[in-house]
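Engineer: next come a sequence and a model predicted from it.
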Amino acid sequence: MAVLLPVVGALVLSACTPDRAPTDALLVGDELIAPVPATSPPSSSPAGTVLPLDGPARVLAMDTATRTLAVAMDAKEIRLFSVDSPQSPPRVVAVPDKVTALSPAGDGALFAAVPSANTVVRLDIRTGSTDKVRVEGGPSGATVVNGQTVVSLRERNAVVVLDGERVVREVTGFFAPTAVLPDRANNVLVLDINRTALLEVDVAAGKLGSGLRAGDGATNAVIDRFGRALVVDTRGGELLAFGTNPFLLKQRFPVPGTPYGIAYDTKRDLAWVTLTERNEVVGFDVAGGEPVEKFRFPTVRQPDSVAVDPDSGRVFVASADREGIQVVQP
């Protein structure tokens with residue numbers, strides 16, 4: 001059941017041990033252990049085409065303005081593939097260290113979170129140029145609200161608002177903030193994976209709002225065209241849908257197989273979810289009162305990340321076990 005409560009001020013975390021937390025209504029238990037993808041079995045006949053890579057592909061992101069698929073590798077680089085000719089050699093962009101998250105930055109650009117370097121990289125896909133902003137605390141996600149960059153800091157248990165390279169506001173009270181999702185007006189939604197909760201942040205005021213529990217172990221989330229947050233509950237094996245006006249849990253749907261990666265097709269209202277326990281990707285129609293399975297495909301081994309091109313409907317699945325990028329046309 002979802003728990004709704006106002007989160008007032010910053011929670012006192014100094015008394016916590018690394019794996020235990022103070023009493024909090026949103027915590028499933030008192031153990032601060034983030035969920036992880038299942039270790040996948042060997043793959044068997046992945047659908048579509050597989051583009052070989054020389055290492056694990058950790059994170060995918062789609063930029064529709066430039067029709068580019070960005071792939072973050074274990075190495076200190078991001079590879080940029082053309083969506084229309086993915087077999088062509090990619091452009092390679094160097095980054096300070098391993099990227100753990102990619103997110104839209106607007107106008108043909110992406111944010112890359114590089115926590116080990118305490119850096120957020122803004123990558124201009126058209127030119128391949130990068131702007132690096134140092135933000136102490138292990139950046140784990142970023143988005144843009146009214147021209148200001150909002151960054152989650154997992155090691156600092158905080159979210160900060162940047163004006164250029166300057167921190168103008170800081171919001172505390174998190175346990176492990178990761179994904180930062182644009183909400184209405186000046187708000188963002190922040191996924192806290194240790195608390196397994198979704199929390200509202202008023203960016204203009206620099207204040208934490210309400211929080212909702214997100215299953216038993218949420219890991220990844222996207223916003224759909226209806227303004228809902230679609231959240232993968234990896235530990236609980238569910239797909240959750242949260243309305244934002246008002247802020248409440250609207251749907252929860254069982255997804256066996258250890259769901260992990262998620263991408264959303266804005267033109268077809270399909271949420272694509274990877275199942276790391278089964279080496280599968282499933283497409284759910286989420287336009288109605290509950291998700292309806294429309295597609296299911298076998299994937300490469302360890303399908304930790306997925307992206308979708310809404311123009312063609314083509315789905316891209318990344319193998320974190322060196323099996324490449326899978327391209328499927330439903």
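Structural biologist: Noted; the coordinates are in hand.
Engineer: host element of the spatially most central residue of the chain?
Structural biologist: In the chain, the C-alpha nearest the mean C-alpha coordinate belongs to Asn220, at 4.5 Å (C-alpha atoms, centre = their mean). Under the assignment given by DSSP states H and E, the secondary-structure element containing Asn220 is strand 218-223.
Engineer: how about the residue nearest to the centre of the chain, what does it touch?
Structural biologist: Residues near Asn220 by C-beta atoms under 8 Å, 6 or more residues apart in numbering: Ala179, Leu191, Val231, Val232, Thr234, Tyr260, Gly261, Ile262. C-beta here means a position set from N, CA and C on the backbone, and glycine is covered the same way.
Engineer: the last one reaches Trp272, doesn't it?
Structural biologist: Yes - at 6.8 Å, Ile262 and Trp272 qualify as touching, with contact defined as C-beta atoms under 8 Å.
Engineer: hang on, the earlier thing: tell me the angle the helix or strand just after the strand holding Asn220 makes with strand 218-223.
Structural biologist: Along the chain past strand 218-223, the next helix or strand (assigned with DSSP H and E) turns out to be strand 229-233. Orientation note: strand 229-233 sits at an angle of 160 degrees relative to strand 218-223 (axes from the mean of the first three to the mean of the last three C-alpha atoms, to 10 degrees).
Engineer: alpha carbons only: can I get strand 229-233 in PDB?
Structural biologist: Provided in PDB are the C-alpha atoms of strand 229-233 (Å, rounded to 0.1, in the frame of the first residue of the first chain):
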ATOM      1  CA  ALA A 229       5.500   8.600 -13.200                       C
ATOM      2  CA  LEU A 230       6.000   4.900 -14.300                       C
ATOM      3  CA  VAL A 231       8.200   3.200 -11.700                       C
ATOM      4  CA  VAL A 232       9.800  -0.300 -11.800                       C
ATOM      5  CA  ASP A 233       9.500  -2.100  -8.500                       C
END
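Engineer: elements contacting the next helix or strand along the chain from that strand?
Structural biologist: In the C-terminal direction, the helix or strand that comes right after strand 229-233 (DSSP H and E) is strand 238-244. Packing partners of strand 238-244 (3 or more C-beta pairs under 8 Å, 6 or more residues apart in numbering; DSSP states H and E): strand 187-192, strand 229-233, strand 247-254, strand 259-265.
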